[in-house]
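[1] Sequence below, structure please.
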Amino acid sequence: MVSKKKKLKAQKRKMADSCEDINLIEVPCHRRKVEDDDMAVANGKENNMDQKDVEALLPTRESLAHQLLVAVRAKHFVILEGPIGCGKTFLYSYISKELRLPLRTMQMGDQIDSKSLFGYYHCTEVAGQFIWKTSNFCQWLSEPCLILLEDIDSANADVISKIVQLASDRHVTIPTGEELTFHEDVRICATVSGKGKKNSVLNGVPVRLSLNELTDEELRRLIAKVCCFSSFGL
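    Modelled structure (predicted):
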């Protein structure tokens, strides 16, 4: 018969061995199959989700994604048009990761005018005193990022004209009279879903790419990829 002390020692040794195994095995074998060779891995989890986005990019859209990447990298004002739910925002998210730029999204609408686009004056506790408050969009222009203007066709005509002009000039005079020059690594892009009115200024933008609605086959592939990643715990 084995004494109780020996049994306790054996159990402690077994637990210690299992803890060592946990520390040594950082990445499960089934995850090694989907990770990129040069991807940094720590504590069994990837440091970024780029590989997941790359895998989720459908083969039928790789050509369009490459065209979009080339245009955005060249600092062109790009318009990506297509129906709601076709993947326009996802493609821009993929491009932002490829360029290593944070994605800043702004939903456009008729409530924004060409002046409030950059900020507004707000009153203080002192009577007759107003302070200028810069908008998020204005702040983004001064930092490296990819600015996405969602549904730009739903904005007012004066806002559309202002955005197209400043995207071309890469500098603008804000209502305070200050001259604002863009950060060299800022990019501006937009989506069009067809909800807004036709605009001649938007029609004149030279770089326009069209994205069709997802086909049944593409939807099946996308669902299969998502289920695959879910089974891997990504």
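
[2] For the spatially most central residue of the chain, which three-state class applies?
    Centroid-nearest residue in the chain, with CA atoms, centre = their mean: Ser93, separated by 3.1 Å. Per DSSP: H, G, I helix; E, B strand; the rest coil, the secondary structure class of Ser93 is helix.

[3] how close does it sit to Thr105?
    9 Å (CB to CB, to the nearest Å). All C-beta atoms are positioned from the backbone trio N, CA, C, and that covers glycine.

[4] Could you list the low-confidence segments of this structure?
    For the chain, the stretches flagged by pLDDT under 70 are 1-56, 228-234.

[5] Can you show me the strands along it?
    Under the criterion DSSP state E, the chain contains strands at 41-42, 45-46, 78-81, 103-107, 119-123, 130-134, 146-150, 171-173, 179-181, 187-192, 208-210.

[6] can you pull the contacts of Leu69?
    The neighbourhood of Leu69, defined by CB atoms under 8 Å, 6 or more residues apart in numbering, consists of Ile95, Glu98, Leu99.

[7] Name the nearest of those residues relative to Lys198.
    The closest of the contacts of Leu69 to Lys198 turns out to be Ile95 (CB to CB; 26.4 Å).

[8] What about Pro59, how many residues nearby?
    Close neighbours of Pro59, defined as other CB atoms under 10 Å, add up to 8.

[9] again, but for Glu62
    The number of residues packed near Glu62 is 11, by other CB under 10 Å.

[10] roughly how far apart are it and Val201?
    31 Å.

[11] Next: Lys97.
    30 Å.

[12] Columns neighbour count and distance to Arg73 on top of the contacts of Leu69, output as CSV?
    CSV is the format used below for the contacts of Leu69 (neighbours: other CB atoms under 10 Å; distance: CB to CB, whole Å):
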residue, neighbour count, distance to Arg73
Ile95, 25, 9
Glu98, 17, 8
Leu99, 17, 6
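
[13] Reformat these as CSV; add distance to Val226.
    What follows is the contacts of Leu69, written out as CSV (distance: CB to CB, whole Å):
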residue, distance to Val226
Ile95, 20
Glu98, 21
Leu99, 25
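
[14] Pick the one among those closest to Ser114.
    For those, the residue nearest Ser114 by CB to CB is Ile95; the value is 26.9 Å.

[15] List the residues that contact that closest one.
    Per CB under 8 Å, 6+ apart, neighbours of Ile95: Ala65, Leu68, Leu69, Val72, Leu146.

[16] Return the subset of those lying in helices.
    Ala65, Leu68, Leu69, Val72 (DSSP state H).

[17] who's in contact with the first one?
    Listed by CB under 8 Å, 6+ apart, the contact set of Ala65 reads Leu57, Leu91, Tyr94, Ile95.

[18] run the last query once more with 10 Å
    Residues near Ala65 by CB atoms under 10 Å, 6 or more residues apart in numbering: Val54, Leu57, Leu58, Gly87, Phe90, Leu91, Tyr92, Tyr94, Ile95, Glu98, Leu209.
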